[in-house]
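> need coordinates for the following:
(one chain, ligands or ions: 1)
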Amino acid sequence: MHQRELTPEELQRYREDGVVLVKNAVDPVWVDKLLAFGKQQLSNPSKLANDARPGAQENRLFTDRYLWRNNDLIYQFIRDSGCARIAAQAMQSCTARFYFDHLLVKKVNTSTPTPWHQDVPYWPFRGKQIASIWLALTPVSVNGSAPEFVRGSHQTEQFYLPEAFGSSGAKVNSWTGKGEGIPCPDIEADRSAYDIVGFDDMEPGDAVVFSAWTLHGAPGNQSATQDRFAISTRWLGDDAIWDPRPGTDPSVNPAEVRVPPGQHPLDNAIFPEFYRAPAA
Ligand SMILES: O=C(O)CCC(=O)C(=O)O
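Below is the predicted model:
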C-alpha cells in the first residue's frame with residue numbers, strides 16, 4: 001500500500017508554523033475502512049467514549065479513544081499506514097512511539113465547538129517532539145469543523161490550562177481543571193489578533209500534522225448534509241519523557257508503565273515504537 005513521506009516544503013511548514021496540511025497522507029484503503037469502523041463505533045462505544053446525544057442523527061459530538069488496544073483495524077492502521085514515519089519526520093525525531101488514537105465525530109448541525117487548547121498540558125508527557133496527525137475520513141471545510149491553528153504558537157514554553165471538551169461540561173474529561181498552566185487566551189473573542197490558519201476543502205485521506213504545543217480548536221459542524229469523521233493519532237518522539245502530573249489524562253494507569261517518571265517511555269506494551277529511522 002502507498003505510504004507517504006513529507007516533502008522539504010511540508011517539513012518547513014511544520015517547523016515554522018507548528019502545523020502542516022498533508023494531502024493524501026494515507027492510502028485510501030485505510031480511509032474507507034476507518035470510516036466504516038467509525039460509523040459502527042457510534043453504536044458500539046468503548047468505556048472511554050464521550051457521546052453528547054447517543055443515537056441522535058444530528059447535533060452530536062462523539063469521541064472515543066485508545067481503540068488500538070482492542071481493535072485490530074486501528075492497530076494495523078497505526079502500525080502499517082506510514083503515519084509513524086510522517087510523525088517522526090515532522091518531529092525531526094529518529095523514532096516515533098505511539099501514544100493513543102482519538103476518534104472525533106461531529107454529526108451534521110453539531111453546535112459544539114472544540115475549544116482552543118494546546119494538547120501537551122492534557123497529557124502525561126513532556127517534550128517538544130510530540131505531535132498528532134488529524135486524519136479526515138470525510139470531506140471537511142472549516143465550516144464543517146476542520147481544525148484551526150494559531151501559526152507559530154508551538155514555539156512557546158507556556159502550558160495553557162486544560163479545559164473540558166463537550167457541551168455537557170462537568171462529566172466530560174472531569175480530570176481536567178487540576179493541571180499546570182495559565183488560562184488559554186480567549187482567541188475566539190479577538191481572532192484578528194492571532195495568525196489563525198484553517199484548512200478548507202480537506203478530502204478524506206488528507207491530514208493535518210501538528211505539534212502538541214500548537215494552539216488549536218475547531219468550530220461546530222455547520223453543515224446540514226456532511227457528518228465530520230476524523231481520527232487523530234498521537235506520537236512521541238525522542239525527547240518525550242513520561243511525566244504523569246496531576247491533572248493529566250489518567251487513561252494510562254501509571255502503575256502499569258514500566259519506566260519511572262522523567263524517562264523516555266521505553267515501554268513497547270503501552271507506547272509501542274512503530275518507526276525507527278534506518279541507521280545512517
Ligand atoms: O477534531 C476536533 O474537533 C479537535 C481535534 C483536536 O483537538 C485534536 O486532535 O487534538
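
> so what's the model's average confidence on whichever strand in the chain runs longest?
Ranked by residue count, the top strand of the chain under DSSP state E comes out as strand 95-106. The average pLDDT for strand 95-106 rounds to 98.

> output the contacting helices and strands for it.
Other elements packing on strand 95-106 under the criterion 3 or more CB pairs under 8 Å, 6 or more residues apart in numbering; DSSP states H and E are helix 28-41, strand 61-65, helix 72-80, helix 83-91, strand 228-236, strand 273-276. Yep, even glycine has a C-beta here, placed from its N, CA and C like the rest.

> can you pull the residues of the stretch 151-280 of the chain lying near the ligand?
For the stretch 151-280 of the chain, the residues found near the ligand under the criterion CB under 6 Å from any ligand atom are 216, 218, 230, 232.

> which of those tops the neighbour count?
In terms of neighbour count, His216 stands highest of those at 28 neighbours, by other CB atoms under 10 Å.

> once you drop chain neighbours, what's closest to it?
Excluding the flanking residues, the one nearest His216 by CB to CB, 6 or more residues apart in numbering is Phe149, at 4.6 Å.

> C-alpha coordinates for stretch 146-157, PDB please?
The C-alpha trace of stretch 146-157 is given here as PDB (Å, rounded to 0.1, in the frame of the first residue of the first chain):
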ATOM      1  CA  ALA A 146     -12.000  21.300  10.300                       C
ATOM      2  CA  PRO A 147      -9.500  22.300  13.000                       C
ATOM      3  CA  GLU A 148      -7.900  25.700  13.100                       C
ATOM      4  CA  PHE A 149      -4.400  26.600  14.400                       C
ATOM      5  CA  VAL A 150      -2.500  29.600  15.700                       C
ATOM      6  CA  ARG A 151       0.500  29.600  13.400                       C
ATOM      7  CA  GLY A 152       3.800  29.600  15.300                       C
ATOM      8  CA  SER A 153       2.200  29.100  18.700                       C
ATOM      9  CA  HIS A 154       4.200  25.800  19.200                       C
ATOM     10  CA  GLN A 155       7.300  28.000  19.900                       C
ATOM     11  CA  THR A 156       6.100  28.800  23.400                       C
ATOM     12  CA  GLU A 157       7.300  27.100  26.600                       C
END
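
> next, the buried residues of it.
For stretch 146-157, a neighbour-count test (16 or more other CB atoms under 10 Å) marks 146-154 as buried.

> before we move on, what about stretch 184-201?
For stretch 184-201, a neighbour-count test (16+ other CB under 10 Å) marks 184, 187, 194, 196-199 as buried.

> swap in stretch 57-64?
For stretch 57-64, by 16+ other CB under 10 Å, it's 59-64.

> now stretch 9-26
With burial defined by 16+ other CB under 10 Å, the residues of stretch 9-26 counted as buried are 10-11, 13-14, 17-22, 25-26.

> and if you look at stretch 255-272?
Within stretch 255-272, the residues that count as buried by 16+ other CB under 10 Å are 257, 264-265, 267, 270-272.

> quick one: which of these is nearest to Asp80?
Nearest to Asp80 among the buried residues of stretch 255-272: Pro272, at 12.6 Å, using CB to CB.

> how about that closest one, nearest residue that isn't a chain neighbour?
The shortest distance from Pro272 to any non-neighbouring residue, by CB to CB, 6+ apart, is to Phe98 (5.2 Å).

> contacting residues for Ser81?
1, 3, 26-27, 30 (CB atoms under 8 Å, 6 or more residues apart in numbering).

> which phi and psi does it have?
Backbone torsions of Ser81, given as degrees, to the nearest 10, read phi -80, psi -10.

> show the model's pLDDT score for it.
Here, the pLDDT recorded for Ser81 equals 98.

> can you check Val150 too?
If you check Val150, the pLDDT there is 98.

> over to it: give its phi and psi.
Torsion angles at Val150 (phi, psi; degrees, to the nearest 10) stand at phi -90, psi 110.

> please name the residues that touch it.
Each residue near Val150 by CB under 8 Å, 6+ apart is listed here: 116, 187, 194-196, 214-216.
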